[in-house]
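*Asks:* sequence first, then the predicted structure:
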Amino acid sequence: MDYLQTTFMLMLCSCLTSCGLKKEAVTKPNRPAIYDAWDARYTYQIQDRKMIPVYEGKMIGRSWGRDSSGKINHVSYLGADREREENLLSFHQNQTDRKREKKWEKSKEDRIKFVKSQLELQEAEESAPLIEVKIEEEEEDFLPPMIMPEGIDLSAPNPTPEKAPDEGGALPLPFLPL
């Protein structure tokens, strides 16, 4: 019986000890710091116009800020231990500058190609032989035929329009009333 009791006691102690270790492991999990950054909640600092991520009372993760006109003037990443802080704004600005330079070089190359093609076209036109084309000149200028109205007797005297009754010395009407 002694042997069974000691074995039972050892198993009980080991079980309690291992359960205690598991309980401690559950309360403080050993997980990568990026999960803390993902679980962080942002707080807004009005005076600096910055969004700061906070997890369990520690600043961790990507923070950013804007100036009064709305342009980003602060971007950084703060690791779990404050030694791994990265200034992401300079990285972003360098990346944007590289994209702008590539776009500038591409447009410059396209412009050079266009100018070269225009110069080649102009040289081809200048070196082409001249072809003389004779234009026949007409002796008379083109005049449309004159259209005369028909059925009007131009030799007859003009009919006089009827006069309207004088109303206070009014002039006679030039046309017949309707």
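*Replies:* That came through, no problem.
*Asks:* buried residues, the lengthiest helix in the chain. List them.
*Replies:* In the chain, assigned by DSSP state H, the helix with the most residues is helix 88-127. Buried residues in helix 88-127, counted by 16 or more other CB atoms under 10 Å: residue 88. From N, CA and C alone the C-beta is placed, and that goes for glycine too.
*Asks:* check which helices and strands that helix sits against.
*Replies:* The helices and strands touching helix 88-127, judged by 3 or more CB pairs under 8 Å, 6 or more residues apart in numbering; DSSP states H and E, are strand 72-78.
*Asks:* separation between residue 174 and residue 35?
*Replies:* 101 Å (CB to CB, to the nearest Å).
*Asks:* who's more crowded, these two?
*Replies:* residue 35 (12 against 6; other CB atoms under 10 Å).
*Asks:* which residues does that one contact?
*Replies:* Contacts here follow CB atoms under 8 Å, 6 or more residues apart in numbering; on that basis residue 35 touches nothing.
*Asks:* residue 53: how many residues sit nearby?
*Replies:* 21.
*Asks:* backbone dihedrals for it, both of them.
*Replies:* phi -80, psi 130 (degrees, to the nearest 10).
*Asks:* let me see the ranges of the helices in the protein.
*Replies:* With helices called from DSSP H, the chain shows them at 2-27, 33-39, 88-127.
*Asks:* among those helices, which gets the worst mean confidence?
*Replies:* Note on the helices of the chain: helix 2-27 shows the lowest mean pLDDT, a mean of 56.
*Asks:* which residues does residue 45 bridge with?
*Replies:* Note on residue 45: beta-bridge partners residue 50, judged by DSSP bridges.
*Asks:* what about it, neighbour count?
*Replies:* 11.
*Asks:* show the contacting residues for it.
*Replies:* Residue 45 is in contact with 51, 52, 65, counting by CB under 8 Å, 6+ apart.
*Asks:* good, wrapping up.
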